[in-house]
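Asks: generate coordinates for the sequence data below:
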Amino acid sequence: MGSDCGVWLAKYLLCLFNFLFFVVGTIVLGTGIWLAVDKASLIALLKIVDSENINQFTQPRAIEQMAYVLIVIGAIMFFMSFLGYCGAIRESRCLLTTYGVFMILLLIAEIVAGGLGAFYKEKARAETKTFLQSTITDYYSTNENMDAVTHMWNQMMSQMSCCGVNDYRDFNASLSWISNKGNHTLPEACCVLKDVSQLLPRDDDCVTNPTESNSYYKKGCYEVFTDWIISHREIIIGVLSGVGIVHLFTIFLPFCLCNAFARYHGMRL
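Replies: The predicted model follows:
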């Protein structure tokens, strides 16, 4: 085994790869747990930073939702990297096989999702729009009652110069927005802004009397995002290809190591 440089290299390459993901997963998981149990510390820490854009995250609801997302992502990364690292370092065929099977299932899920999305393209678009609309209907509120979803939409609309999924009328489906909007016709993030970080409209009348010159009230974010994907398709294809190669690599290595470890331990008996 010691003379087999290829197996040795594969073993420690898989160890290194999963160790890095293990560290990242642990940090993400730990951060999520910390946010879930001690929001006050994060709020106090962020308020030290003199940035209105960062301080928008100090809403307790936004912190709680962000914590749950981090816990789920961190737990998955922690579990998968633990299997891969321990399987390689301990030369455990059981752990490596389990790791490889999980990676195969994840790859199959990605391929199936991509295939269904391509085959049912129009339905996929409709479902995507329905999902995006549901995030506005169920969660979107005013800046005074901001949560993580509201902040996400505000950032997306202000950065991409758009409004809602289809247009400004999407916000009328949100009871939280309707009950707290006052005389506003649309959110500040839908306006042409003079200060993006604080969501300050260039025209003070924009939120009550939007026009095509002072707002993006007729320009839906779904259309803008679709156009952005089309214009950057080469980069996106390249990134997805790179991720696919790495994914195949993490499937190929554990099964090759399983075979090598079986031969090695068989020779020692």
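Asks: please make it C-alpha for all contacts and neighbour counts, starting now.
Replies: Will do.
Asks: the helix or strand where residue 149 lies - contacts with which helices or strands?
Replies: Secondary structure from DSSP states H and E places residue 149 in helix 148-160. Packing contacts for helix 148-160, counted by 3 or more Cα pairs under 8 Å, 6 or more residues apart in numbering; DSSP states H and E, involve helix 60-89, helix 121-139, helix 221-231.
Asks: give me whichever of those helices is most buried.
Replies: Of all the helices and strands packed on helix 148-160, helix 60-89 has the most neighbours on average by mean count of other Cα atoms under 10 Å, namely a mean of 20.
Asks: angle of it against helix 148-160?
Replies: Helix 60-89 runs at 90 degrees relative to helix 148-160, counting by axes from the mean of the first three to the mean of the last three Cα atoms, to 10 degrees.
Asks: helix 60-89: what's the following helix or strand?
Replies: With DSSP H and E, the next secondary element past helix 60-89 is helix 93-119.
Asks: let me have the helices and strands packed on helix 148-160 in TSV, extended by distance to residue 196 and mean pLDDT.
Replies: Shown next, in TSV, are the helices and strands packed on helix 148-160 (distance: least, Cα to Cα, whole Å; pLDDT from 0 to 100):
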stretch	distance to residue 196	mean pLDDT
helix 60-89	19	84
helix 121-139	21	87
helix 221-231	17	90
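Asks: so where's the protein uncertain?
Replies: The chain contains residues with pLDDT under 70 at 1-4, 39-63, 143-146, 264-269.
Asks: go through the helix holding residue 149 and flag the buried ones.
Replies: The neighbour-count check on helix 148-160 (16 or more other Cα atoms under 10 Å) flags 148, 149, 150, 151, 153, 154, 155, 156, 157, 158, 160 as buried.
Asks: of the helices and strands packed on helix 148-160, which approaches residue 108 most closely?
Replies: helix 60-89 (16.2 Å; Cα to Cα).
Asks: tell me which strands and helices that closest one is in contact with?
Replies: helix 5-37, helix 39-48, helix 93-119, helix 148-160, helix 233-268.
Asks: for residue 258, list the residues it contacts.
Replies: Counting by Cα atoms under 8 Å, 6 or more residues apart in numbering, residue 258 touches 91, 92, 93, 96, 97.
Asks: so how far is residue 165 from the last one?
Replies: As judged by Cα to Cα, to the nearest Å, residue 97 and residue 165 stand 44 Å apart.
Asks: just the third one next, same as before
Replies: Remark: distance between residue 93 and residue 165 (Cα to Cα) = 49 Å.
Asks: of these two, who's got more company?
Replies: Set residue 93 next to residue 165 and count neighbours by other Cα atoms under 10 Å: residue 165 wins out with 25 against 19.
Asks: which SS class is that one?
Replies: Applying DSSP: H, G, I helix; E, B strand; the rest coil to residue 165 yields a three-state assignment of coil.
Asks: use 21 as the first number for this chain going forward.
Replies: Okay, using 21 as the starting number, the last item reads as residue 185.
Asks: that one contacts residue 152, correct?
Replies: Yes: if you go by Cα atoms under 8 Å, residue 185 and residue 152 touch, sitting 6.7 Å apart.
Asks: and residue 214, backbone torsions?
Replies: Main-chain dihedrals, residue 214, degrees, to the nearest 10: phi -100, psi -20.
Asks: list the contacts for the closest residue to it other than its chain neighbours?
Replies: Once flanking residues are discounted, residue 214 sits nearest to residue 222: 4.8 Å by Cα to Cα, 6 or more residues apart in numbering. Residues in contact with residue 222 (Cα under 8 Å, 6+ apart) are 211, 212, 213, 214, 215, 234.
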